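Student: Return atomic coordinates for the entry below.
(one chain, ligands or ions: 1)
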Amino acid sequence: MILTVTLNTALDVTYTVDALVPHGSHRVGEVTERPGGKGLNVARVLGALGHDAVVTGFVGGATGGVLRGLLAPLPPRDALVTVAENTRRTLAITDRSTGDTTQLNEPGPQVSPAEWAAFLGTYEELVAGADAVALCGSLPPGIHVGAYAELVRIARAAAVPVLLDTSGEPLRRGIAARPDLVKPNAEELAQLTGSRDPLRAAGDARRRGAHAVIASLGPEGVLALTPDGVWRAAPPAPVRGNPTGAGDSAVAGLLSALAEGLPWPERLARAVALSTATVLAPTAGEFDAAAYAELLPRVTVEPYTPTP
Ligand SMILES: O=P(O)(O)OC[C@@]1(O)O[C@H](CO)[C@@H](O)[C@@H]1O
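Tutor: Residues are numbered from 1 along each chain as shown. The predicted structure follows:
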């Protein structure tokens with residue numbers, strides 16, 4: 001079983017408009033609602049790949065009820081912990097004229113100390129039965145910035161591989177707790193280390209405590225610094241589309257291949273093929289299964305030696 005944690009779950013609402021104009025009034029052509037937050041996306045992709053995935057984190061109020069209703073028919077098992085306040089919504093607005101997406105994320109519910117304590121009990125029980133854990137996304141209000149560091153330490157104490165995908169101070173503190181894997185993008189790495197050079201910044205993140213760093217290079221693929229070597233993995237060609245959830249699909253690729261005992265190059269190929277197939281899918285956070293099958297053998301994974 002692979003456990004994904006989404007402390008700040010979200011009802012992901014996507015609007016499609018002909019053209020997004022600041023200060024304008026818009027008719028929304030299409031509205032979709034999905035159960036979201038990064039760890040839920042990871043679990044949905046894991047389910048589609050045939051893996052047993054369990055989701056935990058917080059859910060509450062009327063929006064939380066809608067989220068749970070949408071999650072119920074899907075493969076991931078629901079072990080979300082109920083909170084008093086309402087789950088947030090995120091709004092993605094896709095502009096048909098450019099293909100670009102604008103994202104607006106609400107802060108999320110205020111979580112009380114008692115609700116955090118209840119979550120920790122559930123998490124410890126679930127970790128004991130997990131093959132791997134993914135800790136994903138932003139923290140809701142009320143949760144302390146060292147929360148992910150605490151969750152990393154619990155997973156490590158149980159000898160369960162743990163991946164951390166967050167940003168800012170929660171990432172900085174989480175890395176110091178020595179997770180097995182982090183998957184920052186270039187911006188998150190730059191915020192963390194002050195360097196815009198992905199190789200240098202990923203090396204710095206490893207020295208701070210992460211065992212492996214998979215630096216996302218957007219449409220260009222990933223740069224992976226691992227205890228077994230350094231690789232660059234890239235799709236056959238960069239693609240255009242909606243990148244929402246592409247990073248979550250990469251996490252699902254890495255964790256599913258890890259759970260199957262595959263070596264790093266195969267984990268990276270799967271991560272890149274899945275994230276590229278997610279950009280190609282019309283609905284944010286889902287992947288195009290035919291594109292994934294076609295892309296997987298064509299992803300290049302090469303040992304990386306920087307040019308002097
Ligand atoms: O606000 P966070 O937790 O950083 O990100 C939340 C979010 O934008 O990320 C996912 C895409 O990766 C969406 O499903 C989701 O709503």
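Student: If we look just around the ligand, which residues of this protein are in range?
Tutor: Counting by C-beta under 6 Å from any ligand atom, the positions of the chain adjacent to the ligand are 8, 10, 12, 36-38, 41, 90, 103, 105, 137-138, 244-245, 247-248, 285. Bear in mind the C-beta positions are built from the backbone N, C-alpha and C, glycine included.
Student: which ones among these are found in strands?
Tutor: Mapping those onto strands (DSSP state E) picks out 10, 12, 36, 90, 103, 105.
Student: out of these, which is most surrounded?
Tutor: Neighbour counts for these, by other C-beta atoms under 10 Å, peak at residue 36, which reaches 31 neighbours.
Student: Contacts only, for that residue.
Tutor: Counting by C-beta atoms under 8 Å, 6 or more residues apart in numbering, residue 36 makes contact with 9-12, 67, 90, 285.
Student: ok, so of those residues, who is nearest residue 122?
Tutor: residue 9 (14.1 Å; C-beta to C-beta).
Student: residue contacts, residue 60?
Tutor: Neighbour list for residue 60: 82-87, 109 [criterion: C-beta under 8 Å, 6+ apart].
Student: Save those as JSON lines, and put in neighbour count and pLDDT too.
Tutor: Shown next, in JSON lines, are the contacts of residue 60 (neighbours: other C-beta atoms under 10 Å; pLDDT from 0 to 100):
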{"residue": "82", "neighbour count": "13", "pLDDT": "98"}
{"residue": "83", "neighbour count": "26", "pLDDT": "98"}
{"residue": "84", "neighbour count": "12", "pLDDT": "98"}
{"residue": "85", "neighbour count": "19", "pLDDT": "98"}
{"residue": "86", "neighbour count": "18", "pLDDT": "98"}
{"residue": "87", "neighbour count": "29", "pLDDT": "98"}
{"residue": "109", "neighbour count": "24", "pLDDT": "98"}
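Student: which one of those is nearest residue 219?
Tutor: Closest to residue 219 out of the contacts of residue 60 is residue 87 (31.2 Å), distances taken as C-beta to C-beta.
Student: what's the closest non-adjacent residue to that closest one?
Tutor: Residue nearest to residue 87 in three dimensions, not counting chain neighbours: residue 64, with 3.8 Å by C-beta to C-beta, 6 or more residues apart in numbering.
Student: now the strands for the stretch 51-200 of the chain?
Tutor: Taking DSSP state E, counting those that start in this stretch as the criterion, the stretch 51-200 of the chain contains strands spanning 53-60, 77-78, 81-83, 88-95, 101-105, 132-136, 162-165, 181-182.
Student: Tell me the strands beside the last one, with direction?
Tutor: I take that to be strand 181-182. The strands that strand 181-182 pairs with in its sheet are strand 162-165 (parallel), strand 212-216 (parallel) (by DSSP bridges).
Student: helix or strand right after the last one?
Tutor: Sequence-wise, the next helix or strand downstream of strand 212-216 (DSSP states H and E) is strand 222-226.
Student: now that following strand: mean pLDDT?
Tutor: Average pLDDT, strand 222-226: 97.
Student: what angle do that strand and strand 212-216 make?
Tutor: 170 degrees (axes from the mean of the first three to the mean of the last three C-alpha atoms, to 10 degrees).
Student: Check which helices and strands strand 222-226 sits against.
Tutor: Secondary-structure packing of strand 222-226 (3 or more C-beta pairs under 8 Å, 6 or more residues apart in numbering; DSSP states H and E): helix 198-208, strand 212-216, strand 229-234, helix 264-280.
Student: 10 Å instead?
Tutor: Judged by 3 or more C-beta pairs under 10 Å, 6 or more residues apart in numbering; DSSP states H and E, strand 222-226 is in contact with helix 198-208, strand 212-216, strand 229-234, helix 246-259, helix 264-280.
Student: okay, the ones you listed in CSV with distance to residue 306, mean pLDDT and mean neighbour count next?
Tutor: Converted to CSV, these look like this (distance: least, C-beta to C-beta, whole Å; pLDDT from 0 to 100; neighbours: other C-beta atoms under 10 Å):
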stretch, distance to residue 306, mean pLDDT, mean neighbour count
helix 198-208, 6, 96, 19
strand 212-216, 13, 97, 25
strand 229-234, 9, 97, 20
helix 246-259, 22, 97, 27
helix 264-280, 17, 97, 25
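Student: List just the one of the ones you listed that sits closest to residue 302.
Tutor: Nearest of these (C-beta to C-beta): strand 229-234, 5.6 Å.
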